[in-house]
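# structural data only, the sequence is not supplied:
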């Protein structure tokens, strides 16, 4: 928190540029904006503001610059690495009021939205046009937040990550000025790639006030399947074989035996408690039939014990519901404990080894934990149940995190595939990026010399 | 050119770090490195060097920094907007000696190459693994050069542009230090997106000394087609309908009547001289059969006069040879004249209007010209034949360029879809990027404060 005099001055100044009811120091409101969905320690902001448009965001930034107060942009709060936690207090900008879908350009496969629009809100609107937004991180996050952390999820193996969908953003910079990072063209070689730079910058380079995103036609046919294996190795080998065969999988999720067990306890399922792949293919009917047969042959070659196909919507929904509820299943089955979700990404050839090592780390920690992975990307998570106020358990959990990150970095991987750095992955930045971290620091300093924008995130 | 004393000092210093034969002031060699494949005015470098590895590139950069001499990285010289022309002289680094394919990681769909490897060289190697590199800009450019300009081409509608394929680069910075911009992971949310920033930076932020690129399995089946239309409008509408139907086209090229006429004069073809789409679909046999039928229905609905399919390799090769030779056809049929190839990209809904406007501009100029376009991306080129030493013709050509760029920018497009900025598109940067250009300037200044790296390109 900032000192009281400065705090009062900030509120006064902010109330000159926003209406009084959209500048709040209400304790409940401050608390709501003090944490994310993770185990990270909460910190209170000094004040929360709710701008209605980019001009107001710009006005807020000018006040912040004048008073030298930190600014943290806030979407839905579903971050997992403390990206939205205001460690130094200051002004939290909540984009809840900026939640309009501004324009669907169906011929161009584009939609322009305000940053507070949520994923489910967008998909409901796009459905009317036979379109969908491809990035599915599980949580019903805001599009602004998803761009800030470069979110991805189950479908990125086919459709790409958040960065791949962003064509243009309107961004308010540290000095209050507004820029556009791209255009509506499908591609460009004009100037430096600011779209890519701002996506994933976690609010440290600017506040997103408008996003133009690529959307995709709803596939003609969808086929889902669940394939049971004896070992994680076989499951990963099967995925490599499927991808090498040119079968265009839209989702391929690995769920380990412990996570299946928790699912069975929580959901209405009685799956064999073995390493399992949840798969989905998108395409036309004839093509899918061919691919499905081919895929079945390939997984059987890799010692698949059983494969079950789901072609109707109900069966498919049940399957993906079970997968998406894996995290909740752990939470439900461990009352009173909180979840640490790790997130590393390795080259797929290293994935089986990484998961074996991770399973060893969980066992050594004595904590309850399962492994789920977007295996087509080599990205996997450990869901670890712990009591954050127990220093012994926290230490054990940190050791697990450290071990899997080191394993990934030693094999050409990254310390976070999709959750972002926040403060949770900060200590690995030097190890991962080496001299490149200095380049990142120079960029941050050039664009935000007074360190106003989400200070202390990504870069120390 | 730099002054003689400095020039001699540079050569002396460079010969201390590279062997004598790899530091040259030979006039023919300087001339070879003075121009690209465009109409832009040539300038001689002071000296050309041929490093063997990243350490030597780093040594060259240190000499350049010490003597305050500009450095221009050079691949194959196939740039079209003067990106490799050394307007201020200095040191041109030719990457011809750094042309090794270092590693194919087939399970990871990755290849690591040195920057001087050409596209055809890479594809020949990848074929052994059943893989291919998806970006096809036509010219047999080097991978380093393709990354520098963020090249794309006919296949990017399905597989993406150069930036989408780059997982990691080793880059020598202005101060001679070396960084890696990414990792071997398929995706990452760790730190700022340096991969995306350096791709398309045209040598202004660093010299690429190694690239790790995504590769793709050769598709099971390929089907090509040529569809003839009465108007450009109908052809573009047909492409929108195909894309909205979810048919996954791998290439879709529009060739206007004039370009078809030049092709017929040059190649062994007798195509109807009407707006024509050249299409290609990739997938499995059953899926392609279904998509082909569906596509035929859609194009007939859009007043397609005739559609011809090519399923065997010979027929397909002939078709794409004709398309790729469009530019050479113009050159061959206009002896003594040179070609200006423009390059803009618009949202696809604006493409038919843009092409109509462009045709008007060509006619008004009195110059001979045709239009070809990567229509699925909204990217198109005018091939304009002119005499660069005739100021009247150059003025007319500039007017055409100006008109089509303005048309694109007014409709949310970009001044270059794939050729890059160099100096040719510099005057449009402010108009296109507005305040964002200042952000780009700040990044350039932060990473290359003495403006050593390809000075005067992209940003003035």
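Perfect, thanks for sending it. All values reported here derive from a predicted model rather than from experimental measurement.
# and the residue of chain A nearest chain B?
Per C-beta to the nearest C-beta, the residue of chain A with the smallest distance to chain B is residue A:287, at 2.2 Å. Every C-beta, even on glycine, is put in place using the N, C-alpha and C of the backbone.
# is it true that that residue touches residue B:286?
Yes: using C-beta atoms under 8 Å, residue A:287 and residue B:286 qualify as a contacting pair, with a distance of 5.8 Å.
# those two: which is more packed in?
Shown here are residue A:287 and residue B:286; by other C-beta atoms under 10 Å in any protein chain shown, residue A:287 has more neighbours (25 against 18).
# for the more buried one, list the residues it contacts.
By C-beta atoms under 8 Å, 6 or more residues apart in numbering or on different chains, the contact set of residue A:287 is B:283, B:284, B:286, B:287, B:288, B:290, B:291.
# and the one helix or strand it maps to, which residues are buried?
Assigned by DSSP states H and E, residue A:287 falls within helix A:285-301. Residues of helix A:285-301 classed as buried: A:286, A:287, A:288, A:289, A:290, A:291, A:292, A:294, A:295, A:298, A:299 (neighbour count, 16 or more other C-beta atoms under 10 Å in any protein chain shown).
# got the contact list for the residue nearest the centre of chain A?
Against the mean C-alpha coordinate of chain A, by C-alpha atoms, centre = their mean, the closest residue is residue A:151 at 3.4 Å. With contact set as C-beta under 8 Å, 6+ apart, residue A:151 has these partners: A:135, A:137, A:141, A:145, A:161, A:162, A:418, B:189.
# run a quick neighbour tally on the fourth one.
Around residue A:145 sit 31 other residues, with neighbours defined as other C-beta under 10 Å.
# checking it next. Helix, strand or coil?
State at residue A:145, reduced to three classes by DSSP: H, G, I helix; E, B strand; the rest coil: helix.
# now it: closest residue in space, sequence neighbours ignored.
residue A:75 (3.1 Å; C-beta to C-beta, 6 or more residues apart in numbering or on different chains).
# which residues does the one you found contact?
Listed by C-beta under 8 Å, 6+ apart, the contact set of residue A:75 reads A:84, A:95, A:115, A:116, A:141, A:142, A:144, A:145, A:146, A:148.
# now the strands: where do they sit in the stretch 1-150 of chain A?
Taking DSSP state E, counting those that start in this stretch as the test, the strands found in the stretch 1-150 of chain A are A:23-24, A:47-49, A:71-74, A:91-94, A:101-105, A:110-113, A:131-132.
# TSV for those strands, including mean pLDDT and distance to residue A:356?
Rendered in TSV, the data for the strands of the stretch 1-150 of chain A read as follows (pLDDT from 0 to 100; distance: least, C-beta to C-beta, whole Å):
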stretch	mean pLDDT	distance to residue A:356
strand A:23-24	98	50
strand A:47-49	98	45
strand A:71-74	98	39
strand A:91-94	98	42
strand A:101-105	98	45
strand A:110-113	98	42
strand A:131-132	96	36
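# nearest to residue B:448, out of those?
Using C-beta to C-beta as the measure, strand A:71-74 is the one of these that comes nearest residue B:448, at 29.3 Å.
# helices and strands around the helix or strand residue A:278 falls within, which ones?
Secondary structure here is read from DSSP H and E; on that basis residue A:278 sits in strand A:276-283. Helices and strands touching strand A:276-283, as assessed by 3 or more C-beta pairs under 8 Å, 6 or more residues apart in numbering or on different chains; DSSP states H and E, comprise strand A:221-228, helix A:232-244, strand A:249-255, helix A:285-301, helix A:313-324.
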